[in-house]
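K.L.:
need a structure here:
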Amino acid sequence: ASLPQLEALTKAMPERYRLMVLLAAWCGLRFGEITELRRNDVDLTHGVVKVRRAVVRVDGEFVVGTPKSDAGTRDVSIPPHLLPAVKTHLVDNITGGRDGLLFPAAGDPTKHLAPATLYKVFYKARQEAGRPDLRFHDLRHTGAVLAASTGATLAELMARLGHSTAGAALRYQHAAK
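P.N.:
Take a look at the predicted model:
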């Protein structure tokens with residue numbers, strides 16, 4: 001997504017999901033990583049998100065485990081321009097104290113957000129942003145290209161995205177060129 005498209009998409013999302021779009025796009029986080037984030041995974045003092053777990057849905061049940069790869073356990077710097085949005089989201093949307101989910105299911109702050117719940121609003125927002133083809137995972141690719149275009153090294157891209165091999169990260173450096 002282009003920066004104007006990303007802005008339009010974010011604005012078209014319901015307020016409680018806007019930070020999900022921003023974290024996917026600017027931090028390169030996966031859906032399962034985002035939906036397992038808890039209040040204590042956000043370190044505002046150092047401006048990082050600590051990715052330690054991910055959630056997947058198996059046979060209708062949510063299963064919390066480790067990120068996709070060994071390199072997936074990581075600290076990701078939050079771009080400074082996102083910190084106000086992160087702070088606002090933490091104040092306005094989090095219940096459950098330090099272990100509260102950042103993006104819980106509607107109506108039950110202890111349950112994980114189902115992908116279908118997000119897609120209902122995401123599909124509408126992507127239409128409004130003029131990108132009906134955009135998948136939520138494409139926001140992660142947007143973030144990788146943005147990082148590469150600002151001069152991130154291959155090692156920095158690998159660390160940011162949680163890649164354990166250089167091949168995946170190289171795609172983004174080539175796309176940025």
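
K.L.:
quick one: low-confidence ranges for this protein?
P.N.:
69-71, 152, 154-160, 162-177 (pLDDT under 70).

K.L.:
mind running it again at 50?
P.N.:
Within the chain, the stretches with pLDDT under 50 are 172-176.

K.L.:
tell me which helix or strand the most centrally placed residue in the chain sits in.
P.N.:
Nearest to the geometric centre of the chain sits A24, at 2.8 Å (C-alpha atoms, centre = their mean). Per DSSP states H and E: A24 is located in helix 15-27.

K.L.:
just to revisit the earlier point, ok, the residue nearest to the centre of the chain touching F136?
P.N.:
Yes. Here A24 reaches F136: they are 6.5 Å apart, a contact under C-beta atoms under 8 Å. C-beta: built from backbone N, CA, C; applies to glycine.

K.L.:
quick check: neighbours shared by those two?
P.N.:
Common neighbours of A24 and F136, counting by C-beta atoms under 8 Å, 6 or more residues apart in numbering, are F31.

K.L.:
in contact with the residue nearest to the centre of the chain: list those residues for me.
P.N.:
Here A24 is in contact with 30-31, 34, 136, 139-140, 142-143 (criterion: C-beta under 8 Å, 6+ apart).

K.L.:
quick one: the strands in the protein?
P.N.:
42-43, 48-51, 54-58, 61-65, 74-77, 104-105, 108-112 (DSSP state E).

K.L.:
relative to L90, which of the ones you listed is closest?
P.N.:
Nearest to L90, of all these, is strand 42-43, at 6.6 Å by C-beta to C-beta.

K.L.:
that closest one pairs with which strands, parallel or anti?
P.N.:
Partners of strand 42-43 in the sheet, by DSSP bridges, are strand 48-51 (antiparallel).

K.L.:
buried set for the partner strand?
P.N.:
For strand 48-51, a neighbour-count test (16 or more other C-beta atoms under 10 Å) marks 48-51 as buried.

K.L.:
stretch 42-58 too?
P.N.:
Result for stretch 42-58 [16+ other C-beta under 10 Å]: buried residues 42, 47-56.

K.L.:
using CSV, list the CA coordinates for that stretch.
P.N.:
Written as CSV, here are the backbone C-alpha positions of stretch 42-58 (Å, rounded to 0.1, in the frame of the first residue of the first chain):
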residue,chain,number,x,y,z
VAL,A,42,4.4,-2.7,24.9
ASP,A,43,7.3,-0.8,26.4
LEU,A,44,6.6,2.9,25.9
THR,A,45,9.7,3.9,27.7
HIS,A,46,11.9,2.3,25.1
GLY,A,47,9.4,2.5,22.2
VAL,A,48,9.2,-1.2,21.5
VAL,A,49,6.7,-4.0,21.0
LYS,A,50,7.9,-7.3,22.5
VAL,A,51,6.8,-10.2,20.2
ARG,A,52,7.0,-13.3,22.4
ARG,A,53,3.8,-15.2,21.4
ALA,A,54,1.4,-15.7,18.6
VAL,A,55,-2.1,-17.1,18.4
VAL,A,56,-3.5,-19.3,15.7
ARG,A,57,-6.9,-20.9,15.3
VAL,A,58,-7.0,-24.7,15.1
